[in-house]
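**Student:** got a sequence here, can you build the structure:
(chains A and B)
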Amino acid sequence: MDLSVLLPPTIILISALASLAIFFIGDDRDRLRTALYLGAEVLKLGLVLAMLWGIYLGESYEIRVPVLPGIDFLLRADALSMLFLVLSAGLWLVTTLYSIGYLRDAPHRSRFYAFFGLSVSATAGIALAGNLFTLFIFYEILTLATYPLVVHRETREAMRIGRMYLIYTLAGGVAVLAGAIALQIITGSTEFVTGGALSGDEASPAVLIAIFAFLVLGFGVKNAFVPLHSWLPAAMIAPTPVSALLHGVAVVKAGAFGIVRVVYDIFGIELSAALGVTLPLALLASFTIVYGSVKALFEDELKKRLAYSTVSQVSYIVLGVSLVGFLSSMGGIVHLVHQGVMKVTLFFCAGVISETLGIKHISKMGGVGRRLPWTMTAFTVGSLGMMGLPPMAGFISKWYLGTGALEAGQGWAVAVLVASTLLNTAYFLPVIYVAFFGKPDKEKWEEKRPPSRFEADWLLLFPTLIVAAFVILVGILAGLWISPLGWAEFIAAQEWGYELD
Amino acid sequence: MSQTYLTAAAWPAALALPLLLAFAILSPSLRRASLALAPLAALPALGLALLGEGGAELPWVLLGMSLGLDGTTRVFLLFTALLWTVAGIYARSYMAGDANRHRFFAFFLITMTGNLGLILARDIASFYLFFVLMSFSAYGLVIHDATSKARRAAQVYLVMTIIGEAFVLPAVLISASISATNELAGVSAAVAGSPARDTVIALALIGFGVKAGAIPLHLWLPLAHPAAPTPASAVLSGTMIKAGLLGWLHFLPAGEAGAPGWGTLVMLLGLAAVFFGVLAGATQSDPKTVLAYSSISQMGLMTLALGVGLATPDAWPLALTAILAYAAHHGLVKGALFLGVGVAQKAATPLSRRAVFAALVFAALVIAGAPLTSGASAKETLKEALYASVTLSPGLLEALIQLGAAGTTVLLIRFLQVLPRQEAGKSPPPGMWVPWAALMTGVAGAVLLLPEPVAATLSLSALWPVALGAAGAAAAVLLVRRGALRPPHIPEGDLLIPALSLLAALYGLWDGRVRPVWAGWRSWSAGQYQRILESSHRLDRATLLLEDKMRPWTIAGTIFVLLVSGLLALAALG
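**Tutor:** As a prediction, the model looks like this:
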């Protein structure tokens, strides 16, 4: 037996096992825990990159374990899995470094890291799932593993929000399960097939549309479609690293990723378009994009503004998928990565500001740019990226979404992109303006300077600057074949059955 | 082989140099050296404009970057790089006493990168990249002085830039979509033959019109150009304003299939700018504001030529020549005039004062198009293009641009009248007057480089508008002195005031009628309500303040309306 088939389960298990071990390490044994944790992460990232290389060379990695007759536990790495996997493994590493700085001396560190690692394992499982059944299992594990992180602070408010979080996400899970069961009944399988598993003859269009609706709405909860989005801004009560990696990236992406799988690998683009479900999906995504941005305008709390921005930006992915064009597919898929990098940058900055200066509200951010110039520069980079200005990552996404919409004859989506750009500008630029040109509220900032030559704890600052650099790099170097865009083109070509030259 | 690589590397290097210097300035240890090098940052680009052959392909950058020059962009690069170099050298001395000069130079260099890059760009995405880079980093130049005036100017600048962005982005996306490749060169033709033609034309006219100061999108210009430190004003008004023009040249289907309706509209907009710039500018009392209005007016002439080309494809070669002649000539002269204001502020010995004043009078004559100047030469080229117009009568157009030249004379006399005068002190520092004098020499010599033979500029048609303008200005000054004429005061940014009051009125409507419903619906969020309430109080106060200022603008508004209706009437006749 070729050992390479063990790669996918190993990748999932590494972080899970490290997390389980950490449960049994005392809160005070930081060194041991950090070594174990970081070791697991580096190992995982190494394996992921090795597998990425293999996939690029045309290898396939698949492991299938029959569970029930006709239902397999199936892990399989394809191009789309790798995009999500590299993103989550890479960001997990920087976020962990950041968390070490963020949670210095905080209570329940071991519990935090353990569940954090489990969440990332679940994300890897979602990425590698080869059928809807496996995806569902990891989707639910993700819900359960993130719950303790939401209620980490154990306040009454946190517990209340935790309950709300569970209700929303478990209900979403039930919808996914219902869709998956229906699919199993009509086809006898829920396996993902590049280009689409269904031919359209399996059941009447009405049944297929119903299944599609169940699956998309189920995943749509985590994807934070309006009106299923309320859990996301509320979940900002969690510690910032959780907001950054899980609620900015992993959890919402799990929803978006699920929808991408449903459209591309279950229904297929042609059948989805023929069923007439893509246009409503595109409209739902567009409404979410605009609504999220409008809500962000009215939030004074920085993390909440970022949360609404996430609501808006994540729907770019679904918009790209549902516009039914090759270029818009590329735009949507690449935004999976781009939005992740940009949003992590912004959340890291919000965390640096609140940890270093104790400021959580935009109205109190006057003069922060002078005290934390590097942090605010990173924030500016992330914001300009969200606005979609070149050469940042967001521009690349927007370009392909826009030209893709026109290619698909859906010019109205360009208007949505322009509106979103204007709204993004309207809620990000004031933050930057206040930070750089506003008057400082307090004179005590100098006293709070940490005993280092950097403007903030270096474990908070460096990960922030690294991800900010990536926001620029993946944009400027989009033309390289190893860029996320190059990879997105590879994936889109597979889904569309195109030959790349 | 290595030779090819070397020449290809020169193109990105010309852009990388200013960008890297900008970042080097931010590092305290590299600051001294990079500040010293900053004025020279545009020299490689100038070298490319003179000698550059071929181009560079960087497929791994962005969506595949392509850099290079064609006949049109070479002219743009020439005057742009030249003016940035002169302004950079000048700024070293002008900013010497400024504690934040490193910040100024960082923005200056990034803006320069954008300005040079958008000229060198041969693909759509790169053009957009550098256009955005220039637009947003120029904000740092406008707000540099951080006075309340500069902040307001910068705010208006930013809002208008973003509005422009909202039109440029779809124009760029649609162009990229219909032209199938990313090459800029094919966009015009693709737009001309596309069903989306009218959409692209409308979007590009508005989007790039903001940058080009086209009426009525010019609101930010009379505020922002003067608010920036003088060397930045020079490049804002001399070269950056031309970026909007270049955007038009790239994205409008001028010279392809004719679009008489659009062409006529563009011609009328150009004529409106010519006269509105003169009328609103002549009432200003800050020399830099007068110059900014003059830029609006002069851009109108280029817009007029563009309109001719849009309406009549056969006229395009002539119209393009006229546009390039005007762009280069105006870029240099306007730069020289702005820099001259700074020199005049420092000129305090009698000799230097007279010398500076004489030089500025000469520069004013150049802009007004007096015989033997590049202004007259550019005007001759423009006239030739106008003769090819088929939609508006050429004779009428010629009369109007002669009248415009007379108006420009009046405007520049106003400029000389409000120039600052120092009574005692030193002569200006050589760091300022030497680069300025060099630029003035270039301005004087430019007539030799323009396509028109010098002899053609020695004509009565070049002379009489200047004489008429001078006589008119003299008469007006006399009447004002006698008290027979009260010059109206038009606030800087003219139509901005009514535009803001309109917004305030709409806000008031929302405040009074709509908001109570809205607020009731969301009464659960009391904190936000409070915030909106506070901001509405602020706006109420602003409205009161605005009403005070309403009286003067009615004059501006009336002039504007009269002008537009007059032009429309002329259009109907012609």
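**Student:** contacts only, for the residue nearest the centre of chain B.
**Tutor:** By C-alpha atoms, centre = their mean, the mean C-alpha position of chain B lies nearest to residue B:241, the distance being 2.5 Å. Residue B:241 is in contact with B:211, B:212, B:213, B:221, B:295, B:299, counting by C-beta atoms under 8 Å, 6 or more residues apart in numbering or on different chains. Just so you know, the C-beta spots here come from the backbone N, C-alpha and C atoms, and that holds for glycine as well.
**Student:** skipping adjacent residues, who's closest to the second one in space?
**Tutor:** What sits nearest to residue B:212 in space, not counting adjacent residues and going by C-beta to C-beta, 6 or more residues apart in numbering or on different chains, is residue B:244, at 3.0 Å.
**Student:** could the contacts of residue B:241 go into JSON lines alongside distance to residue A:123?
**Tutor:** Shown next, in JSON lines, are these (distance: C-beta to C-beta, whole Å):
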{"residue": "B:211", "distance to residue A:123": "45"}
{"residue": "B:212", "distance to residue A:123": "49"}
{"residue": "B:213", "distance to residue A:123": "51"}
{"residue": "B:221", "distance to residue A:123": "51"}
{"residue": "B:295", "distance to residue A:123": "56"}
{"residue": "B:299", "distance to residue A:123": "55"}
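**Student:** these: which two are farthest apart?
**Tutor:** For these, the farthest-apart pair by C-beta to C-beta is B:211 and B:295; their separation is 11.8 Å.
**Student:** quick check, pLDDT for residue 150.
**Tutor:** Just so you know, I chose chain A. Residue A:150 is assigned a pLDDT of 90 by the prediction.
**Student:** my question was about chain B, not that one.
**Tutor:** For residue B:150, pLDDT reads 91.
**Student:** what strand or helix carries it?
**Tutor:** Element membership of residue B:150, judged by DSSP states H and E, is helix B:148-179.
**Student:** mind checking how far the residue nearest to the centre of chain B is from residue B:209?
**Tutor:** The gap separating residue B:241 from residue B:209 is 11 Å, by C-beta to C-beta, to the nearest Å.
**Student:** pretty sure residue B:427 contacts residue B:344?
**Tutor:** No - judged on C-beta atoms under 8 Å, residue B:427 makes no contact with residue B:344 at a distance of 11.6 Å.
**Student:** when these two are compared, which one has more neighbours?
**Tutor:** Per other C-beta atoms under 10 Å in any protein chain shown, whichever of residue B:427 and residue B:344 has more neighbours is residue B:344, with 22 against 17.
**Student:** now do the contacts for the nearest residue to residue B:459 once chain neighbours are set aside.
**Tutor:** Counting by C-beta to C-beta, 6+ apart, residue B:371 is the residue found nearest to residue B:459 once chain neighbours are left out, at 6.7 Å. By C-beta under 8 Å, 6+ apart, residue B:371 lies in contact with B:457, B:458, B:459, B:462, B:463.
**Student:** and the two most separated of those residues?
**Tutor:** Using C-beta to C-beta, the contacts of residue B:371 span at most 10.0 Å, a distance reached by B:457 and B:463.
**Student:** the more surrounded of the two?
**Tutor:** Remark: of residue B:457 and residue B:463, residue B:457 carries more neighbours, 24 against 15, as counted by other C-beta under 10 Å.
**Student:** can you tell me the closest non-neighbouring residue to that one?
**Tutor:** With C-beta to C-beta, 6+ apart, the residue lying closest to residue B:457 is residue B:376, at 3.8 Å.
**Student:** can you check residue B:267 too?
**Tutor:** Excluding its sequence neighbours, the residue lying closest to residue B:267 (C-beta to C-beta, 6+ apart) is residue B:307, at 3.3 Å.
**Student:** mind checking the SS state of the one residue in the stretch 201-350 of chain B that gets nearest to chain A?
**Tutor:** As assessed by C-beta to the nearest C-beta, chain A sits closest to residue B:203 within the stretch 201-350 of chain B, at 9.9 Å. Going by DSSP: H, G, I helix; E, B strand; the rest coil, the secondary structure assigned to residue B:203 is helix.
**Student:** OK, contacts around the residue lying closest to it once chain neighbours are set aside?
**Tutor:** Leaving aside its sequence neighbours, residue B:203 sits nearest to residue B:171 (C-beta to C-beta, 6+ apart; 3.7 Å). For residue B:171, the contacting residues are B:200, B:203, B:204, B:207, B:251, by C-beta under 8 Å, 6+ apart.
**Student:** could you give the number of residues near residue B:364?
**Tutor:** Neighbourhood size, residue B:364 [other C-beta under 10 Å]: 24.
**Student:** domains of chain B?
**Tutor:** Following the assignment in automatic domain parsing, chain B carries domains at B:1-253, B:256-491, B:496-573.
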